[in-house]
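Visitor: A predicted structure for the sequence below; I have some questions about it.
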Amino acid sequence: MVHKTGTTLWIIAALIICGAVTYGANRLPAVAGSFYPDNPTVLKNMITGHLDAVEKLPEIDGQIIALIVPHAGLVYSGQIAAHAYKMLEDRDIHTAVLCGPSHRYPFTGLSVYGPDVTWKTPLGMVHCNTKLCKQILNYDSHVKILPEAHAREHCLEVQLPYLQTVLDDFTLVPVLMGRPDQGTIELLADALEAVGFDDKTVLIASTDWQHYHPADKGRVMDSLGMDCLRHFDTKRLGKLLAEGKVEMCGGGTAIAVMKAAQARGANRVKILKYGDSGDVSGDKSSVVGYVAAVLYKSADSASPGKSQSDERPDLPPLYELTDNEKQKLLDIARTSIKTYLETGHEAEFEIDGKLAENGAAFVTLTKDGHLRGCIGHIMAVAPLYQTVATCAVQAAVADRRFPPVSAPELKQLHLEISVLTPMQTISSQDEIEVGRDGLMIVRGNHRGLLLPQVASDYGWNRTQFLEQTCRKAGLAADAYQAPDAVVYRFQALVFGE
C-alpha cells in the first residue's frame, strides 16, 4: 500500500483504479507510474540501486524455499524488499510462485491469472508457467481465473521488477487470495504443497505489516509477528492476527506460504530487514511496517531449526556487561513500560557502545514473587537496548498468560533481564547442566523455552527440566525423546533490580 503521505501517488492510483484495463493474453501494468516508475531506465536504476545498497546478507547453508516481501510503493518498501531478492542472485531459480492478498476486488477462494498469460512491466515480459498454473486451478473448485481481481492489484506486480533484475530467465505463477478465512488459508497451503514444484522454484508471500500506527507502537506489533515467523508458529500468528495484536494485510497468504514452505522442507527462517515508511518519509507518527525474510532448508539437517553450525563443542562466552551497563538496561526496561502505559508509545533512547550491538534477551516481570510476564527474543537481530525495550513492553502488555499490566501496578513489579548466548543443539542429554543452561525444544509447530534460572528456582533435575520444557511447548512430557524433536541449550547473563 502506498503510504498515505504520498498525496500525488494516491491521486494517480485513484485514476488507475477508475480507468479501463485490457484483459487477455497480456496482463498490462496497472500501477506503473504510481507505485513505481513507468520509465524503464528510471525503474531499472531504482531497482539496481536498491539491490546495490544491500551491504551484507547472512549466508544460507541450503536451499531457499520461500521469501516474505513487502508490496508498498517502491520508494517506501523497495529497499526492504531488495534484501530478500538479493538472496536470489546467482541462484538457479526458474519459477516464482507469487502469492498475495486482493486489496480491491472482494471474492472467496483463490484466483490464478496465469495459464497462457504474459505479465508486462516497463522492464519487459514475464511468461506464466501454464502447466503449474493449471495444476493449481485443477486442485480445487474454489481456485478460479478471475482477471478482474488481478486487473488493478499491485501486490504481485511490484515484485516483478526485482525478479526481472535478479533472475536471468523465469516463469510466473500468480496467485491472489480473496477473503483470508481459515479454509482459504488451508486451501492455498495444501495446493502449494500438492503441486509438483521442483527445487528451482521459490514461493513468495507479498504482505505489508502494521498500518498507520506510530512507529514505536508499530514496531512492538511487528516484532510479535516476526517472532512467530522465526519459529514457523503459524497457529500463534493466526491468533495474534485475529486479535488485532499483529497486522498483516497479506497475513493469510504469509501463513499459507509458511506452511507450504515447511512441508517442502524449510526448517530455518532469517529476518533480513525490518523498517517502516517513516524511514523514507521522515514522518514516524503514522507508518506502515515492512519485513523481508527468507525461509530455507538447511543443508545440514532436515529437522526444524537444527543445523550443524549450531553444534559447537565449546560454550559461547557470556555477554559481558559492567554494573553501569546492567543498570542502564534495567532503567531502559522500566522507562519503556512506563512510557508505553502512559502514552501508548515506546520510549526512544540514544544509546551507543556495547548496548547498541545486536543482542538476544528476555525481560521477566514478577509481582510479590510470582511471575507477571516474560517475553524475549532468542536471536540477536536488533541492538540489545532495543531488544530489552521492546521485550519489556511486550512482557507487560502482550504476554497472553496474563492481563496487561496497569500503570499503578508498575511500581509493584520487579524486573529481571536475561541476556542470552547463541542457541546450541544438543546431541546428548549429558550436555545439559542444570543451573547453567536454559532449554528450548522444537517439534513441528511446537516450541517451548525455559530460562536457566527456572530450573534452579524449582529445584528440578535434568529430566524434570526437559519434561517441563516439553510441557511449556504444549507437548507430552517425554516429547524430547522423539526423533524429530530438537533440543537446544543456551546460557544467560541474568540480573535484576
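Guide: Received it, and whenever you're ready, just let me know what you need.
Visitor: mind checking the longest strand of this structure?
Guide: In the chain, assigned by DSSP state E, the strand with the most residues is strand 287-298.
Visitor: what are the phi and psi angles of L167?
Guide: When quoted as degrees, to the nearest 10, the phi and psi of L167 stand at phi -110, psi 140.
Visitor: secondary structure class for the nearest residue to it once chain neighbours are set aside?
Guide: In space, L167 comes closest to I93 once its chain neighbours are excluded; the distance is 5.6 Å by Cβ to Cβ, 6 or more residues apart in numbering. Yep, even glycine has a C-beta here, placed from its N, CA and C like the rest. The three-state label given to I93 by DSSP: H, G, I helix; E, B strand; the rest coil is coil.
Visitor: Domains in the chain, by residue range?
Guide: Domain ranges of the chain: 7-299, 323-496, per automatic domain parsing.
Visitor: In CSV, list those domains along with mean neighbour count and mean pLDDT.
Guide: Shown next, in CSV, are the domains of the chain (neighbours: other Cβ atoms under 10 Å; pLDDT from 0 to 100):
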stretch, mean neighbour count, mean pLDDT
domain 7-299, 20, 90
domain 323-496, 18, 90
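Visitor: which residues of the stretch 251-400 of the chain fall in helices?
Guide: Assigned helices in the stretch 251-400 of the chain, in chain order: 251-263, 278-281, 323-343, 384-397 (criterion: DSSP state H, counting those that start in this stretch).
Visitor: cool, the stretch 101-250 of the chain as well?
Guide: Counting by DSSP H, counting those that start in this stretch, the stretch 101-250 of the chain has helices at residues 130-137, 147-150, 160-166, 182-194, 215-230, 234-243.
Visitor: what sits opposite G496 in the beta ladder?
Guide: Each beta-bridge partner of G496 is listed here, defined by DSSP bridges: E416.
Visitor: I'd say it and I417 touch.
Guide: Yes. Proximity of G496 to I417 meets the contact threshold set by Cβ atoms under 8 Å, at 6.9 Å.
Visitor: which residues do the two both contact?
Guide: Taking Cβ atoms under 8 Å, 6 or more residues apart in numbering as the contact rule, the neighbours common to G496 and I417 are L330, T364.
Visitor: of all the helices of the stretch 251-400 of the chain, which lies closest to E433?
Guide: Go through the helices of the stretch 251-400 of the chain one by one with Cβ to Cβ and the one that ends up closest to E433 is helix 323-343, at 23.5 Å.
Visitor: Does the closest one pack against any helices or strands, and if so which?
Guide: The helices and strands touching helix 323-343, judged by 3 or more Cβ pairs under 8 Å, 6 or more residues apart in numbering; DSSP states H and E, are helix 384-397, strand 413-420, strand 492-496.
Visitor: Could you list the residues in contact with it?
Guide: 220, 321, 345-347, 349, 351, 353-355, 363, 384-385, 388-393, 396-397, 405-407, 410, 415, 417, 495-497.
Visitor: Mind doing that once more with 7 Å?
Guide: By Cβ atoms under 7 Å, 6 or more residues apart in numbering, the surrounding residues in contact with helix 323-343 are 345-347, 349, 354-355, 363, 385, 388-389, 392-393, 396-397, 405, 407, 410, 415, 417, 495, 497.
Visitor: can you check stretch 102-112 too?
Guide: Residues lying outside stretch 102-112 but in contact with it, judged by Cβ under 7 Å, 6+ apart, are 17, 133, 136-137, 142-146, 148-150, 152-153, 155, 174-179, 184, 187-188.
Visitor: same deal with stretch 176-192?
Guide: For stretch 176-192, the surrounding residues in contact (Cβ under 7 Å, 6+ apart) are 97, 99-102, 106-111, 136, 139-140, 142-143, 149-150, 153, 175, 203, 251-253, 255-256, 259-260.
Visitor: One more: stretch 252-260?
Guide: 66, 68, 99-101, 177, 180, 184-185, 188-189, 192-193, 203, 205-207, 232, 234, 237-238, 248, 295.
Visitor: Mind checking the helices of the stretch 101-250 of the chain for the one nearest to T48?
Guide: Taking Cβ to Cβ as the measure, the helices of the stretch 101-250 of the chain were each checked against T48, and helix 160-166 came out nearest at 6.5 Å.
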